[in-house]
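Visitor: Fold the stuff below for me.
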Amino acid sequence: LFSMLPEAEKKDLLDRLTKARRQEVRFPHLRQYKGYEEELSLQPVAHRLEALLKAEGISSLPVLFAEDCLAAQPMVDKLQPGQALLLENVRFYRNESSKKLEERMVMARTLASYGDFFVSDAFGTAHRDAASMTGIPKVLGHGASGYLMKREIEAFHKVIVTKPPSPVVAIVGGAKVSDKVQLLEHMLGNIDKLIIGGAMAYTFLKAKGFNIGKSFCERGQSFVDRYSGESMDIVELASKLLEKATEMGIEICLPVDHVCHTACKATEAPLTTDDANVPDDYMALDIGPKTISLYQDVISTCNTAIWNGPMGVFEIPTYSAGTFAIAKAMGDGTAERGMMTIIGGGDSASAAEQSGQDVRMSHVSTGGGASLELLEGKILPGIAALDDVRRPSTNGNGKH
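Guide: So this is what the prediction gives:
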């Protein structure tokens, strides 16, 4: 997360850390796994942090590194004022993400013993009820938000809690309808237009009777409704979602043409269809030029855009045009007319960065899973564990 910050903000953050003359202990996260893996060790991060501190002339003190998170007290005792100690990746420990509260709390109590204050900047893992995310503030009796966490909360507050500038368009992509059902259900009441792309679009097109060839589709699979417990065929579910959106007066945009190939691999001569149908021996891997133009026009009429999920297999250059075009349309909207643009992390954030449009957006989230759950209307444990902002009290005369 630190590496993603602008240089000026990195310097400001490092200044705050060292000039406060406080001893710092870091609780880092990477991805989920079990046991030690050398490639995921954070020791190189400690070296890089030390180099940054020295390069900026902020501190000449070495950054200490504790190889064992649960036996770091001797190193904590050696810390000098303004010095940082980085702990090894907490995900190496089973207790970090244990489903049993007491196992998580055993680890949390040890980690909490290293310091007096807890500041969380790990928005990317805020949707996890982990020892270092929710356990430490529970032990210490408090938890504060870091600068990055604060920006994430403020950005999503604008589109979830307050009413954003309308019209509002949600741009939803990715592979599976089942992964985005709760997102779509929750957002329908807050948007005016819905753009659907990525592999999940082919399930919706299948539901509308179009031929999708060999394109990915969750046909034959079922989804268990989170409220009624009813099992429903995915294609049937897609059809019902389209019906519901139409009844609510939401403008729905599905691909009207595609960029295709016989296999999911690069080619110098992809097939571009004339309409929404995909030939039997082909699979759609990106939205086509007509769809790009349609989606750009829709975005240009809106004042808020929320994007979660790519339009195609953008990792392969042959199929990146659709996703990058969406990113540019959003970037242009922000730069030219102050459009509010929120990107929900994950692949969408990666695409925005690869296309060079990330710096033009209102906000690019650092958490794919966390932002998705927020947009689904869920409460994130890692945020709920933090203290609420204390508002000034008012006396009887109305004075603060």
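
Visitor: List the contacts of the closest residue to Ala144 other than its chain neighbours.
Guide: Once flanking residues are discounted, Ala144 sits nearest to Val119: 4.8 Å by C-beta to C-beta, 6 or more residues apart in numbering. The way it works is simple: take the backbone N, C-alpha and C, and place the C-beta from them, glycine included. Residues counted as contacts of Val119 (C-beta atoms under 8 Å, 6 or more residues apart in numbering) are Gly143, Ala144, Ser145, Gly146.

Visitor: now those as CSV including distance to Lys158 and neighbour count?
Guide: Listed next are the contacts of Val119 as CSV, based on distance: C-beta to C-beta, whole Å; neighbours: other C-beta atoms under 10 Å:
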residue, distance to Lys158, neighbour count
Gly143, 23, 20
Ala144, 22, 15
Ser145, 16, 19
Gly146, 19, 16
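
Visitor: Nearest to Val172, out of those: which one, please.
Guide: Closest approach to Val172 among those (C-beta to C-beta): Ser145, at 28.0 Å.

Visitor: From Ala385, how far off is the closest one?
Guide: Distance from Ser145 to Ala385, counting by C-beta to C-beta, to the nearest Å: 11 Å.

Visitor: In contact with Asp387, which residues are there?
Guide: Counting by C-beta under 8 Å, 6+ apart, Asp387 touches Pro137, His142, Gly143, Ala144.

Visitor: for Pro44, same thing?
Guide: Here Pro44 is in contact with no residue (C-beta under 8 Å, 6+ apart).

Visitor: roughly how far apart are it and Glu353?
Guide: From Pro44 to Glu353 the distance is 21 Å (C-beta to C-beta).

Visitor: tally of neighbours for the closest residue to Asn211 other than its chain neighbours?
Guide: The shortest distance from Asn211 to any non-neighbouring residue, by C-beta to C-beta, 6+ apart, is to Asn277 (4.5 Å). Around Asn277 there are 16 other residues, counting by other C-beta atoms under 10 Å.

Visitor: What of Ala305?
Guide: Applying other C-beta under 10 Å, we find 29 residues neighbouring Ala305.

Visitor: could you give me the average pLDDT of stretch 378-386?
Guide: For stretch 378-386, mean pLDDT is 95.

Visitor: Strands of the stretch 51-200 of the chain, start to end?
Guide: Using DSSP state E, counting those that start in this stretch, the strands of the stretch 51-200 of the chain run over 64-66, 84-87, 119-120, 144-145, 168-172, 193-196.

Visitor: between these, which gets nearest to Ser98?
Guide: Nearest of the strands of the stretch 51-200 of the chain (C-beta to C-beta): strand 84-87, 17.9 Å.

Visitor: CA atoms only: put that closest one into PDB for me.
Guide: Extracted as PDB, the C-alpha positions of strand 84-87 are listed here (Å, rounded to 0.1, in the frame of the first residue of the first chain):
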ATOM      1  CA  ALA A  84      10.400   1.200  13.100                       C
ATOM      2  CA  LEU A  85      10.000  -2.600  13.700                       C
ATOM      3  CA  LEU A  86       8.400  -4.600  10.900                       C
ATOM      4  CA  LEU A  87       6.900  -8.000  11.800                       C
END
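
Visitor: part of a helix, is Ile342?
Guide: No - counting by DSSP: H, G, I helix; E, B strand; the rest coil, Ile342 is located in no helix; its state is strand.

Visitor: circling back: Serialize the contacts of Val119 to TSV and add fields for pLDDT.
Guide: Formatted as TSV, these follow (pLDDT from 0 to 100):
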residue	pLDDT
Gly143	95
Ala144	95
Ser145	94
Gly146	93
